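Asks: Provided below are the primary sequence and the corresponding predicted coordinates.
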Amino acid sequence: GKDRIIFATKEDHETPSSAELVADDPDDPYEEQGLILANGDINWNCPCLGGMASGPCGEQFKSAFSCFHYSTEEIKGSDCVDQFRAMQECMQKYPDLYPQEDENDEKSSKDLEAASMEASAAKEEKGSS
């Protein structure tokens, strides 16, 4: 098959490595150069994107992010609603990969609301006795 198993002996580990490192090419377009490359293109390999450009919704992310980046509207990105909606719809199909923070925020606010109602009810009971 495609995999190959290699066993290393204790002696193999005791000898110095003969691997040679290749010098970095400053003109390599895939080298980490930040979000925007020198030519103005988006660097989809930038770690700052957190891997969003790959995965099951990578194409939708690229479409929405590109639209926003190149948007010339007065309210930047206001012309990209459809692309962001498509990205969101895709992400909702994969909740394990793209957890929805909104649900947790709503739950937290409901918990806080319930706790504050209980606290005020307890205060009223003390005050009335």
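Replies: Thanks, I have the structure now.
Asks: Sketch out the strands for the protein, chain order is fine.
Replies: Applying DSSP state E to the chain gives no strands.
Asks: any chance you could map the helices in it?
Replies: Taking DSSP state H as the criterion, the chain carries its helices at 10-14, 58-70, 81-92, 101-128.
Asks: So which elements touch the first one?
Replies: Packed against helix 10-14, as judged by 3 or more CB pairs under 8 Å, 6 or more residues apart in numbering; DSSP states H and E, are no other helices or strands. No exception for glycine: its C-beta is placed from N, CA and C like everyone else's.
Asks: pLDDT value on Ala114, please?
Replies: In this prediction, Ala114 carries a pLDDT score of 56.
Asks: likewise Asp79?
Replies: pLDDT, Asp79: 96.
Asks: Correct me if wrong: it contacts Ser66.
Replies: No. Contact criterion CB atoms under 8 Å: Asp79 and Ser66 do not qualify, at 11.9 Å.
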